[in-house]
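Chemist: Here is a sequence together with a model predicted from it:
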Amino acid sequence: MIDRIITSGTFSLDGGTWAVDNNIWLVGDAREVVVIDAAHDAAAIAERVGGRTVRAIVCTHAHNDHINAARDLAGQTGAPIRLHPADQVLWEQQYGDAVAYEPLTDGEKIAVGGITLEILHTPGHSPGAVCVYAPDLGALFSGDTLFKGGPGATGRSYSSFDTIIDSIRSRLLTLPAETVVHTGHGESTSIGAEAPHLEEWIARGH
(Lines give C-alpha, C1' and ligand atoms only; values in the text may rest on other atoms or scores of the structure.)
Protein backbone atom coordinates (compact mmCIF):
# COMPACT_ATOMS: atom_id res chain seq x y z
CA MET A 1 0.00 0.00 0.00
CA ILE A 2 1.33 3.38 -1.05
CA ASP A 3 -0.58 6.53 -0.18
CA ARG A 4 0.27 10.15 -0.93
CA ILE A 5 -0.67 13.28 0.97
CA ILE A 6 0.16 16.70 -0.45
CA THR A 7 0.74 19.53 2.02
CA SER A 8 1.68 23.15 1.43
CA GLY A 9 4.05 25.47 3.26
CA THR A 10 7.41 27.15 2.82
CA PHE A 11 11.03 26.15 2.32
CA SER A 12 13.69 28.44 3.80
CA LEU A 13 17.46 28.33 3.33
CA ASP A 14 20.28 30.83 2.80
CA GLY A 15 18.04 33.76 3.72
CA GLY A 16 15.32 33.03 1.15
CA THR A 17 11.84 31.56 1.55
CA TRP A 18 9.75 29.89 -1.14
CA ALA A 19 6.21 28.48 -1.24
CA VAL A 20 6.22 24.72 -1.84
CA ASP A 21 3.88 21.75 -2.12
CA ASN A 22 5.33 18.56 -0.64
CA ASN A 23 4.51 14.90 -1.15
CA ILE A 24 4.27 12.82 2.00
CA TRP A 25 4.27 9.07 1.38
CA LEU A 26 2.69 6.42 3.61
CA VAL A 27 3.92 2.88 2.99
CA GLY A 28 2.58 -0.21 4.74
CA ASP A 29 -0.71 -1.99 5.18
CA ALA A 30 -3.97 -1.73 7.11
CA ARG A 31 -2.19 -2.14 10.45
CA GLU A 32 1.07 -0.21 10.23
CA VAL A 33 2.86 2.34 8.07
CA VAL A 34 6.11 4.22 7.65
CA VAL A 35 5.72 7.94 6.97
CA ILE A 36 8.26 9.34 4.51
CA ASP A 37 8.84 13.10 4.97
CA ALA A 38 6.56 14.73 7.55
CA ALA A 39 5.99 18.09 5.86
CA HIS A 40 4.05 21.13 7.05
CA ASP A 41 0.88 19.59 8.55
CA ALA A 42 1.12 16.89 11.20
CA ALA A 43 -2.66 16.83 11.72
CA ALA A 44 -3.36 16.03 8.06
CA ILE A 45 -0.78 13.24 8.10
CA ALA A 46 -2.12 11.80 11.36
CA GLU A 47 -5.65 11.87 9.96
CA ARG A 48 -4.59 9.82 6.93
CA VAL A 49 -2.69 7.38 9.17
CA GLY A 50 -5.88 6.83 11.16
CA GLY A 51 -5.64 4.06 13.73
CA ARG A 52 -2.57 2.45 12.21
CA THR A 53 0.75 2.17 14.01
CA VAL A 54 3.49 4.45 12.65
CA ARG A 55 6.68 2.39 12.69
CA ALA A 56 8.93 5.30 11.78
CA ILE A 57 8.98 8.82 10.38
CA VAL A 58 11.73 8.63 7.77
CA CYS A 59 13.22 11.94 6.61
CA THR A 60 14.75 11.81 3.14
CA HIS A 61 16.77 14.87 4.16
CA ALA A 62 16.63 17.73 6.67
CA HIS A 63 15.54 20.72 4.63
CA ASN A 64 12.89 22.37 6.75
CA ASP A 65 10.02 21.68 4.35
CA HIS A 66 10.60 17.93 4.73
CA ILE A 67 10.90 17.82 8.54
CA ASN A 68 8.84 20.69 9.94
CA ALA A 69 5.95 18.44 10.98
CA ALA A 70 8.14 15.59 12.25
CA ARG A 71 8.25 16.68 15.89
CA ASP A 72 4.48 17.08 16.17
CA LEU A 73 3.76 13.87 14.29
CA ALA A 74 6.19 11.96 16.49
CA GLY A 75 4.46 13.42 19.53
CA GLN A 76 1.06 12.30 18.28
CA THR A 77 2.09 8.82 17.16
CA GLY A 78 5.01 7.86 19.39
CA ALA A 79 7.02 6.97 16.29
CA PRO A 80 10.78 7.53 16.12
CA ILE A 81 12.12 10.14 13.72
CA ARG A 82 14.83 8.71 11.46
CA LEU A 83 17.43 10.86 9.65
CA HIS A 84 20.90 10.39 8.20
CA PRO A 85 23.27 12.17 10.61
CA ALA A 86 25.18 13.90 7.79
CA ASP A 87 22.24 16.33 7.71
CA GLN A 88 22.72 17.37 11.34
CA VAL A 89 23.57 20.97 10.41
CA LEU A 90 20.28 21.34 8.52
CA TRP A 91 18.32 19.60 11.26
CA GLU A 92 19.66 22.11 13.79
CA GLN A 93 18.42 25.01 11.65
CA GLN A 94 14.88 23.76 12.25
CA TYR A 95 15.05 22.21 15.71
CA GLY A 96 18.35 23.15 17.36
CA ASP A 97 19.08 20.42 19.88
CA ALA A 98 15.48 20.25 21.12
CA VAL A 99 14.39 17.23 19.05
CA ALA A 100 16.19 13.91 18.89
CA TYR A 101 16.23 11.50 15.97
CA GLU A 102 17.55 7.99 15.42
CA PRO A 103 20.33 7.80 12.81
CA LEU A 104 19.66 6.15 9.47
CA THR A 105 22.47 4.15 7.90
CA ASP A 106 23.12 3.27 4.28
CA GLY A 107 21.81 -0.20 3.51
CA GLU A 108 19.59 -0.33 6.58
CA LYS A 109 16.33 -2.22 6.14
CA ILE A 110 13.03 -1.24 7.76
CA ALA A 111 10.20 -3.80 7.86
CA VAL A 112 6.60 -2.58 7.71
CA GLY A 113 3.36 -4.25 6.69
CA GLY A 114 5.08 -7.32 5.31
CA ILE A 115 7.45 -5.39 3.03
CA THR A 116 11.04 -4.23 3.35
CA LEU A 117 12.26 -0.67 2.84
CA GLU A 118 15.96 -0.23 2.10
CA ILE A 119 17.78 3.02 2.84
CA LEU A 120 20.07 4.29 0.06
CA HIS A 121 22.38 7.15 1.04
CA THR A 122 22.30 9.49 -1.97
CA PRO A 123 24.09 12.73 -1.03
CA GLY A 124 24.13 15.78 -3.26
CA HIS A 125 20.92 17.68 -2.66
CA SER A 126 22.10 17.61 0.94
CA PRO A 127 24.90 15.68 2.67
CA GLY A 128 22.54 13.24 4.36
CA ALA A 129 19.98 12.81 1.61
CA VAL A 130 18.57 9.29 1.30
CA CYS A 131 16.19 7.47 -0.97
CA VAL A 132 13.91 4.71 0.29
CA TYR A 133 13.73 1.65 -1.98
CA ALA A 134 10.84 -0.82 -1.74
CA PRO A 135 11.79 -3.72 -4.06
CA ASP A 136 8.64 -5.63 -3.05
CA LEU A 137 6.57 -2.78 -4.48
CA GLY A 138 8.83 -1.86 -7.40
CA ALA A 139 9.01 1.64 -5.96
CA LEU A 140 11.61 4.21 -4.94
CA PHE A 141 10.87 7.21 -2.73
CA SER A 142 13.46 9.70 -3.94
CA GLY A 143 12.90 12.76 -1.75
CA ASP A 144 14.58 15.62 -3.59
CA THR A 145 17.35 13.53 -5.17
CA LEU A 146 15.57 12.63 -8.43
CA PHE A 147 12.53 14.22 -10.05
CA LYS A 148 10.59 13.81 -13.25
CA GLY A 149 12.97 15.58 -15.61
CA GLY A 150 16.18 15.63 -13.65
CA PRO A 151 18.13 15.77 -10.41
CA GLY A 152 17.19 17.80 -7.37
CA ALA A 153 18.45 21.36 -6.92
CA THR A 154 22.07 21.87 -5.90
CA GLY A 155 22.38 25.65 -5.93
CA ARG A 156 22.19 26.24 -2.19
CA SER A 157 24.33 25.55 0.87
CA TYR A 158 25.46 22.02 1.65
CA SER A 159 24.64 20.75 -1.86
CA SER A 160 26.78 19.54 -4.76
CA PHE A 161 25.85 18.93 -8.40
CA ASP A 162 28.71 16.48 -9.02
CA THR A 163 27.77 14.53 -5.90
CA ILE A 164 24.07 14.24 -6.76
CA ILE A 165 24.91 13.08 -10.29
CA ASP A 166 27.23 10.43 -8.85
CA SER A 167 24.52 9.31 -6.40
CA ILE A 168 21.91 9.04 -9.15
CA ARG A 169 24.26 7.21 -11.51
CA SER A 170 25.60 4.71 -9.00
CA ARG A 171 22.66 4.16 -6.64
CA LEU A 172 19.45 4.86 -8.59
CA LEU A 173 19.95 4.23 -12.30
CA THR A 174 21.20 0.75 -11.41
CA LEU A 175 17.70 -0.17 -10.18
CA PRO A 176 15.25 -1.97 -12.49
CA ALA A 177 13.96 0.31 -15.27
CA GLU A 178 10.35 -0.33 -14.31
CA THR A 179 10.89 1.00 -10.77
CA VAL A 180 8.38 3.79 -10.09
CA VAL A 181 10.00 6.89 -8.60
CA HIS A 182 7.80 8.70 -6.07
CA THR A 183 9.30 12.15 -5.57
CA GLY A 184 9.31 14.74 -2.80
CA HIS A 185 7.50 17.28 -4.98
CA GLY A 186 5.44 16.95 -8.14
CA GLU A 187 4.66 13.95 -10.29
CA SER A 188 6.05 10.44 -10.08
CA THR A 189 8.27 9.04 -12.81
CA SER A 190 10.31 5.86 -13.38
CA ILE A 191 13.95 4.87 -13.51
CA GLY A 192 13.50 3.89 -17.15
CA ALA A 193 12.08 7.29 -18.05
CA GLU A 194 14.92 9.22 -16.42
CA ALA A 195 17.99 7.05 -17.11
CA PRO A 196 18.45 8.02 -20.80
CA HIS A 197 18.80 11.70 -19.88
CA LEU A 198 21.78 11.51 -17.52
CA GLU A 199 24.27 12.98 -19.98
CA GLU A 200 21.86 15.83 -20.80
CA TRP A 201 21.65 16.71 -17.10
CA ILE A 202 25.42 16.69 -16.79
CA ALA A 203 25.80 18.99 -19.80
CA ARG A 204 23.08 21.30 -18.44
CA GLY A 205 24.51 21.31 -14.93
CA HIS A 206 27.95 22.39 -16.06
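Modeler: Thanks, I have it. Numbers count the residues shown, from 1 in each chain.
Chemist: count of residues packed around the residue lying closest to residue 201 once chain neighbours are set aside?
Modeler: Nearest non-adjacent residue to residue 201, counting by Cβ to Cβ, 6 or more residues apart in numbering: residue 150, 5.1 Å away. Placement of C-beta: from N, CA and C, glycine included. Around residue 150 there are 17 other residues, counting by other Cβ atoms under 10 Å.
Chemist: Run through the residues that contact residue 150.
Modeler: Each residue near residue 150 by Cβ atoms under 8 Å, 6 or more residues apart in numbering is listed here: 194, 197, 201, 204.
Chemist: For stretch 85-105, buried residues please.
Modeler: By 16 or more other Cβ atoms under 10 Å, the buried positions in stretch 85-105 come out as 86-87, 90-91, 94-95, 101, 104.
Chemist: Which member of those residues is positioned nearest residue 71?
Modeler: Within those, the smallest distance to residue 71 is 6.6 Å, found for residue 95 (Cβ to Cβ).
Chemist: residues in contact with the closest one?
Modeler: 67, 71.
Chemist: What distance do you get for it to residue 148?
Modeler: Residue 95 sits 30 Å away from residue 148, going by Cβ to Cβ, to the nearest Å.
Chemist: Show residues contacting the helix-or-strand element of the chain with minimal mean pLDDT.
Modeler: Lowest on mean pLDDT, DSSP states H and E among the helices and strands of the chain sits helix 198-205, with a mean of 89. If you take Cβ under 8 Å, 6+ apart as the criterion, helix 198-205 is touched by 150-151, 154, 161, 165, 168-169, 173.
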